[in-house]
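In: I need the structure of the sequence given here:
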Amino acid sequence: MNSQPLARLVQAFLVMLAMTVIVFIGIHLIGNPVDILISPEADQMERDRMMSTFGMDKPLWTQYGIFLMNALQGDLGTSFVYNLPAIDVVLSRLPATLELALVALLLAVVIGIPLGLYCGLRPDSPVSRFIMAFSILGFSLPGFWMGLILIMVFAVELGWLPSTGRGDTVEFLGVQWSFLTWNGLSHMLLPAINLAMFKLSMVLRLTRAGVTETLSTDYIKFARARGLSPQRIVGVHVLKNIMIPLVTIIGMEFGSTVAFAIVTETVFAWPGIGKLIIDSINVLDRPVIVAYLMIVVSLFVLLNFLVDLTYYALDPRARRGGRA
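Out: Predicted coordinates:
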């Protein structure tokens, strides 16, 4: 029996445990939320009462022990600002970020893979050179600057698309989604394009590099010698081999897209967890900050585990290596 998936589960558990320590200690070093939440005119007795209410009068290791026991039961604390369970506050904003990240990653894949294939198959054409030169912008332009340019051009000057907000939403499976309405889609387009720029450039260049490397292999030369059509060579042999690194990178990049949507959500006032964490940091809402970080870390761990399983399923060499 192969022990690779079990080993990955153990590693994921250890990563989560380590992250609870890092997150808890780090979040308790950034300041005292009582200084923000309580009136400056309050006396020391009122401050002590507030500290006791939030459980911050106990030693740090005791607070961590309480936090860990509660976290194992799904309780990450109560928001100081919203007076609601912190995990519920974060989860209520999570669908907005997830759908934005999914649309951005879909744009990167749908546009990036065909362009990368073209550039890999025709590397010396003027169009390929232009595409590769243009892809550099996706890596070099700051996200906030690109967002402001998109708003200035398409929202202010042309008036084609709205610049802020999420638009109309429709409830599906108990969650509000904006991609199910035209108004919601119009609000999503600009932030999704802004969020997709870096990922699109990365997918494009990764696809081009994979195609270039695969075309120089012996089995591709053998396939051409057998008289196989170029469409079959590209559609079967080339794509099959470049899909393994692409699936790995795309799966892992989804987590980073969710985590680093903060700038895009702030620029476009998109009501997701990215904007929530910025607002929570401004008021030192510790439970919400901890809940956000733990959910993002859990998402990264889950995605990495799924990517490992997908890679394991796509590449027979991994299965043979595991059995050996």
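In: just give the nearest non-adjacent residue to residue 292, would you?
Out: Distances taken as C-beta to C-beta, 6 or more residues apart in numbering put residue 277 closest to residue 292, at 4.8 Å, once the chain neighbours are dropped. (Glycine included, C-beta is placed from N, CA and C.)
In: hmm, that neighbour is touching residue 286, no?
Out: No: taking C-beta atoms under 8 Å as the definition, residue 277 is not a contact partner of residue 286, at 11.9 Å.
In: how near is the residue nearest to residue 292 to residue 290?
Out: Note on residue 277: its distance to residue 290, by C-beta to C-beta, to the nearest Å, is 11 Å.
In: can you give me the offset of stretch 151-159 from its chain's centre?
Out: In terms of C-alpha atoms, centre = their mean, to the nearest Å, the centre of stretch 151-159 is found 27 Å from the chain centre.
In: show me what counts as buried in that stretch.
Out: For stretch 151-159, a neighbour-count test (16 or more other C-beta atoms under 10 Å) marks 151, 154-155 as buried.
In: what does that stretch rub up against?
Out: Contact with stretch 151-159 is made by 160-163, 190, 267-268, as judged by C-beta atoms under 8 Å, 6 or more residues apart in numbering.
In: between which two of these is the distance greatest?
Out: Spanning the widest gap among these are 160 and 267, at 17.6 Å by C-beta to C-beta.
In: between the two, which one's more packed in?
Out: Taking other C-beta atoms under 10 Å, residue 160 and residue 267 do not tie; residue 267 has more neighbours (22 against 11).
In: who's in contact with that one?
Out: Applying C-beta under 8 Å, 6+ apart to residue 267 gives the contacts 143-144, 147-148, 151, 191, 194.
In: could you do residue 189 as well?
Out: Contacts for residue 189 (C-beta under 8 Å, 6+ apart) come out as residue 161.
In: could you pull out the strands for the chain?
Out: Under the criterion DSSP state E, the chain contains strands at 170-172, 175-177.
In: and those, which is most packed in?
Out: strand 175-177 (a mean of 16; mean count of other C-beta atoms under 10 Å).
In: do me a favour and average the pLDDT over that one.
Out: For strand 175-177, the mean pLDDT works out to 78.
In: elements contacting that strand?
Out: With contacts defined as 3 or more C-beta pairs under 8 Å, 6 or more residues apart in numbering; DSSP states H and E, strand 175-177 has these neighbours: helix 86-121, strand 170-172.
In: can you put the ones you listed in CSV and add distance to residue 251 and mean pLDDT?
Out: As requested, these are arranged in CSV below (distance: least, C-beta to C-beta, whole Å; pLDDT from 0 to 100):
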stretch, distance to residue 251, mean pLDDT
helix 86-121, 10, 87
strand 170-172, 24, 80
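In: who wins for proximity to residue 250 among these?
Out: Of these, nearest to residue 250 by C-beta to C-beta is helix 86-121, at 6.4 Å.
In: how far does the closest one sit from the chain's center?
Out: Offset of helix 86-121 from its chain centre (C-alpha atoms, centre = their mean): 8 Å.
In: buried stuff in it?
Out: Here helix 86-121 shows 86-87, 89-90, 92-101, 103-105, 107-109, 112-113, 115-121 as buried, counting by 16+ other C-beta under 10 Å.
In: contact partners for residue 246?
Out: By C-beta under 8 Å, 6+ apart, the contact set of residue 246 is 113, 203, 206-207, 210.
In: can you put the strands of the chain in TSV and add distance to residue 25?
Out: Shown next, in TSV, are the strands of the chain (distance: least, C-beta to C-beta, whole Å):
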stretch	distance to residue 25
strand 170-172	39
strand 175-177	33
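In: residue 19: which of these is closest?
Out: Nearest of the strands of the chain to residue 19, taken as C-beta to C-beta: strand 175-177 at 26.1 Å.
In: who wins for proximity to residue 69 among the strands of the chain?
Out: Going by C-beta to C-beta, the one of the strands of the chain nearest residue 69 is strand 175-177, 29.4 Å.
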